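Enquirer: need a 3D model of the following:
(chains A and B)
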Number of protein chains: 2
Amino acid sequence: MSELLSLDMIMAARERLRPYVVQTPVVAMVPGGWRLKAENLQPIGAFKIRGAFNALLALDQPARSAGVIGHSSGNHAQAVAYAARALGIAATLVMPDNAAPVKIAATRRWGAEIILVPPAERASATAALAARHGFAVIHPYDAPEILAGTGTIGLELIEQCPDMEIVAVPISGGGLIGGVSAAIKAIRPDVRIIGVEPELAADAQESFRTGTLTGWPVADAARTIADGLRVAKLGDLGWRHLQAFVDDVVTVSEEAIMAAVGRIAREARLVAEPSGAVALAGLMTLGDTVPERSVAILSGGNVDDATFCAALASPIMEEITEP
Amino acid sequence: MSELLSLDMIMAARERLRPYVVQTPVVAMVPGGWRLKAENLQPIGAFKIRGAFNALLALDQPARSAGVIGHSSGNHAQAVAYAARALGIAATLVMPDNAAPVKIAATRRWGAEIILVPPAERASATAALAARHGFAVIHPYDAPEILAGTGTIGLELIEQCPDMEIVAVPISGGGLIGGVSAAIKAIRPDVRIIGVEPELAADAQESFRTGTLTGWPVADAARTIADGLRVAKLGDLGWRHLQAFVDDVVTVSEEAIMAAVGRIAREARLVAEPSGAVALAGLMTLGDTVPERSVAILSGGNVDDATFCAALASPIMEEITEP
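Expert: Take a look at the predicted model:
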């Protein structure tokens, strides 16, 4: 592929994925007015299933027979495990030992082999196992098939929300925002794409502002409650797409993330995990300047009960939601 | 109208409602397999908006100018208030003083006047105010326009789930199950309609089993946590449709209701109120005999935080969801 994803690749992914992924609904927040692209309603509760299926479906038969391996803080692991089982492919998943327990249990449920390692060793452990066993590596974000898969969200939004003005997208390794922004800007260059990151893992904003791809210490990025967004440096593909297609990158506080989880439960009756609520937190943080015809991508809903109930009880949320 | 709702009335309601209500998605539970008709994703978080809009749209201009009144434990009140505001009609809502605070606050939000009364006085207070002020009464369940509105859920399900074998529907006053069953049996008489009620408010099951419309003491029916299902006697219309179209009525424990709220959050990432989870609780109670191609109507998602978090922590739920 060239430097950037082509619209043809995303449209091909859409056809290929049709039997396997849900065209998720767009849910309007009431009385909030903003809209949520409800990727938490995918079968494993997260958008990651789009990239995972697209990557697995791109493998040839020898590669499928050898099996696949992936590493992930959680939702990519579930997605690869689920897609691999659906396609009859053996899967091994390397997960950080600080991943949310609900995500580890859910990955195991699909019959994948789980290897827990310290967060900083994920990539090296994955490479070593892949070399030893001949597994195809399904990267969590930095691969064209992943971006083509996430790009299908952009195609759906263009049809579902023709009047949209802003799309807010969470940023971790860049796989989601890369695909979504490529799809939308190819067809609707007038729509503004806003990336959103936790303040505690703001490597992408720093890269965007300085024009130089910059990583943060892994331990710093691991401080945020948004466990899906702890990737401390954008992938190369994500970085190139961020520079080409993204209009701005904003950051949100931990309190705003929790408040967004609460608002999504109350105003849209959807369960969001903190990482999944970050895009809405971005719109809330931008506040009154954001037009009503804006969409936040609700990227996932796999949350521990304790975290979710803490978000519902958040005092900051009360201040924001009570008129 | 004749004794039973005609398919024509329901199809007319569908056209009339199209600009105002959401065609809600059907969400598959994973790994559960059963499907949920997600009426919690309506703008006010409950199916009641269908009947409310249909009833208000049926009023002539003088009636609209005079204003409307309704009584409800909560979601019908919100629905009438929301629909009235959307159509520029003044609304008064009589609510029981034991209604969930979240539902009272949400009704007030739409600009309606709220009158709180003891639960047993709802109907009489409503009639008195209607007579005094000339308001049109929007009944919460026992009116043809309400059943025609809820019947549109049945029409959608026929299109969305052509392979469905069972549809489970919560029963309160009969407005939901009356419309849904009339629509489905008119087109798909092979689909089984199962009504579900809390054991603590099982007046409809008693009526169904004995063949005689039977009411329970209001105080008895008020014991269930499913605050939307505390109606202690079916409406006449609901009763006639129950006899004509419903295949069985089953009851569920309070524990099963709470467990269903938890499963819906974990396996479908949707927020359900206890009343909204009762249909799934019915499928869970019937257990292994229920085919995977079954649908539970998730009728609403307006739940207090404390109740919702108690459901997530329910020990019974752990037993049911952990393999």
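Enquirer: quick check: residues of the stretch 1-150 of chain A near chain B?
Expert: Proximity of the stretch 1-150 of chain A to chain B is confined to A:Thr24, A:Pro25, A:Val27, A:Ala28, A:Val30, A:Pro31, A:Asn40, A:Leu41, A:Pro43, A:Ile44, A:Gly45, A:Arg109 under the rule C-beta under 8 Å from any C-beta of the partner chain. Backbone N, C-alpha and C define where each C-beta goes, glycine included.
Enquirer: I figured A:Ala12 hits A:Glu145, correct?
Expert: No - counting by C-beta atoms under 8 Å, A:Glu145 is not a contact partner of A:Ala12; they are 10.3 Å apart.
Enquirer: okay, these two: which has more neighbours?
Expert: A:Glu145 (22 against 15; other C-beta atoms under 10 Å in any protein chain shown).
Enquirer: name the element that one belongs to?
Expert: Using DSSP states H and E, A:Glu145 maps to helix A:144-160.
Enquirer: what's the very next helix or strand once past that helix packed up against?
Expert: For helix A:144-160, the following helix or strand on the C-terminal side (DSSP H and E) is strand A:166-170. With contacts defined as 3 or more C-beta pairs under 8 Å, 6 or more residues apart in numbering or on different chains; DSSP states H and E, strand A:166-170 has these neighbours: helix A:175-187, strand A:192-198, helix A:274-286, strand A:294-298.
Enquirer: list the helices and strands the second one packs on?
Expert: Right, strand A:192-198. Looks like strand A:192-198 contacts strand A:166-170, helix A:175-187, helix A:203-210, strand A:248-252, helix A:274-286 (3+ C-beta pairs under 8 Å, 6+ apart).
Enquirer: what's the average pLDDT for stretch A:174-181?
Expert: Averaged across stretch A:174-181, pLDDT comes to 98.
Enquirer: the bottom helix or strand of chain A by mean pLDDT?
Expert: Sorting the helices and strands of chain A by mean pLDDT, DSSP states H and E puts helix A:315-321 at the bottom, at a mean of 46.
Enquirer: list the contacts of the host helix or strand of A:Arg122.
Expert: Here A:Arg122 is covered by helix A:122-133, with elements defined by DSSP H and E. Contacts to helix A:122-133, defined as C-beta atoms under 8 Å, 6 or more residues apart in numbering or on different chains, come from residues A:66-67, A:69-72, A:92, A:94-96, A:115, A:117, A:135-137.
Enquirer: at 10 Å instead, please
Expert: The contact list for helix A:122-133, computed with C-beta atoms under 10 Å, 6 or more residues apart in numbering or on different chains, reads A:66-73, A:90, A:92-97, A:113, A:115-118, A:121, A:135-140, A:218.
Enquirer: that helix: which residues count as buried?
Expert: Buried residues in helix A:122-133, counted by 16 or more other C-beta atoms under 10 Å in any protein chain shown: A:Arg122, A:Ala125, A:Thr126, A:Leu129, A:Ala130.
Enquirer: coming back round to it: in helices, which of the contacts of helix A:122-133 fall?
Expert: Here DSSP state H is the test, and these give A:Ala66, A:Val218 as lying in helices.
Enquirer: emit the PyMOL select command for whichever of the contacts of helix A:122-133 are buried.
Expert: Filtering those down to the buried ones (16+ other C-beta under 10 Å) takes a single PyMOL command:
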select buried, chain A and resi 66+67+68+69+70+71+72+73+90+92+93+94+95+96+115+117+135+136+137+138+139+140+218
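Enquirer: got any ranges where chain A has weak pLDDT?
Expert: Within chain A, the stretches with pLDDT under 70 are A:1-2, A:315-323.
Enquirer: doesn't A:Leu5 fall inside a strand?
Expert: No - counting by DSSP: H, G, I helix; E, B strand; the rest coil, one finds A:Leu5 to be coil, located in no strand.
Enquirer: please name every helix or strand in contact with the helix or strand harbouring A:Ala52.
Expert: Element membership for A:Ala52, per DSSP H and E: helix A:48-57. The contact analysis (3 or more C-beta pairs under 10 Å, 6 or more residues apart in numbering or on different chains; DSSP states H and E) places helix A:48-57 against helix A:7-17, helix A:61-66, strand A:68-71, helix A:75-87, strand A:136-137, helix A:144-160, helix A:175-187.
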